[in-house]
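>>> Task: produce atomic coordinates for the following.
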Amino acid sequence: MSQGVEVCGVYVRDQDEALKFYVEKLGFRVHTDVRNGDYRWLTVQQPDQPSFQLGLFVPGPPVHDAATAQTLREMVAKGAMPPLVMVVSDCRAAHARLNERGVEFTQEPVARYGSVDASFRDPSGNGWKLIQSRIAAPAGKAAR
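Model prediction:
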């Protein structure tokens with residue numbers, strides 16, 4: 001039996017705002033956008049990684065009561081959640097490209113631990129790390 005992670009979710013304060021950020025600024029594409037009453041299952045994909053989806057979920061029913069949902073929104077906004085990691089072939093080039101698209105970085109590219117990394121946050125407060133792959137990308141495959 002084959003196993004693997006297909007969807008990993010992050011909490012966002014507003015799904016439309018998150019969708020705009022992930023598609024327009026990070027270059028992801030919509031995979032699934034369906035509703036069941038007030039609940040919305042919204043996932044995006046990085047085009048070069050079609051087997052993985054990032055869920056953009058709002059804390060609340062049916063999973064959380066109002067108090068828990070509010071606590072989760074506050075924690076995300078403070079940057080308390082672990083960062084997501086995006087591997088790129090050239091961190092400095094990816095940083096420049098994303099910066100041009102309006103992504104606000106909390107850390108400029110820094111060389112350390114034998115690689116280069118940079119940090120940014122999405123509009124909800126979720127942290128991201130861009131980490132330069134130690135393996136060179138094939139010709140013609142630039143960092144997105």
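>>> Please state the offset of the host helix or strand of H95 from the chain centre?
In this structure, H95 sits in helix 91-100 according to DSSP states H and E. In terms of CA atoms, centre = their mean, to the nearest Å, the centre of helix 91-100 is set 15 Å apart from its chain centre.
>>> what's that helix packed up against?
strand 105-112, strand 115-121, strand 127-132 (3 or more CB pairs under 8 Å, 6 or more residues apart in numbering; DSSP states H and E). Any C-beta I mention is one placed from the backbone N, CA and C, and that applies to glycine too.
>>> what do you get if the cut-off is 10 Å, keeping everything else the same?
With contacts defined as 3 or more CB pairs under 10 Å, 6 or more residues apart in numbering; DSSP states H and E, the packing partners of helix 91-100 are strand 84-88, strand 105-112, strand 115-121, strand 127-132.
>>> in this protein, what spans have low per-residue confidence?
By pLDDT under 70, the low-scoring segments of the chain are 135-144.
>>> longest helix of it?
Using DSSP state H, we find that the single longest helix of the chain is helix 66-77.
>>> how about that helix: buried residues?
If you call a residue buried by 16 or more other CB atoms under 10 Å, then helix 66-77 has these buried ones: 69, 72-73, 76-77.
>>> Hmm, G9 and F52 touching each other?
No - using CB atoms under 10 Å, F52 is not in contact with G9; the gap is 11.9 Å.
>>> Common neighbours of the two, please.
T43 (CB atoms under 10 Å, 6 or more residues apart in numbering).
>>> what's stretch 38-48 in contact with?
Residues from elsewhere that reach stretch 38-48 (CB under 10 Å, 6+ apart): 6-9, 12, 15-16, 18-19, 21-23, 26-35, 51-58, 60-63, 86, 137, 141, 143-144.
>>> Dump it to CSV, restricted to CA.
C-alpha atoms of stretch 38-48 as CSV (Å, rounded to 0.1, in the frame of the first residue of the first chain):
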residue,chain,number,x,y,z
ASP,A,38,-20.6,27.9,5.7
TYR,A,39,-17.7,25.5,5.5
ARG,A,40,-15.2,25.9,2.6
TRP,A,41,-12.6,23.3,1.6
LEU,A,42,-9.9,25.4,-0.2
THR,A,43,-6.6,24.0,-1.3
VAL,A,44,-3.8,25.3,-3.5
GLN,A,45,-0.8,23.7,-5.1
GLN,A,46,2.6,24.7,-6.2
PRO,A,47,2.6,24.0,-9.9
ASP,A,48,5.9,21.9,-9.8
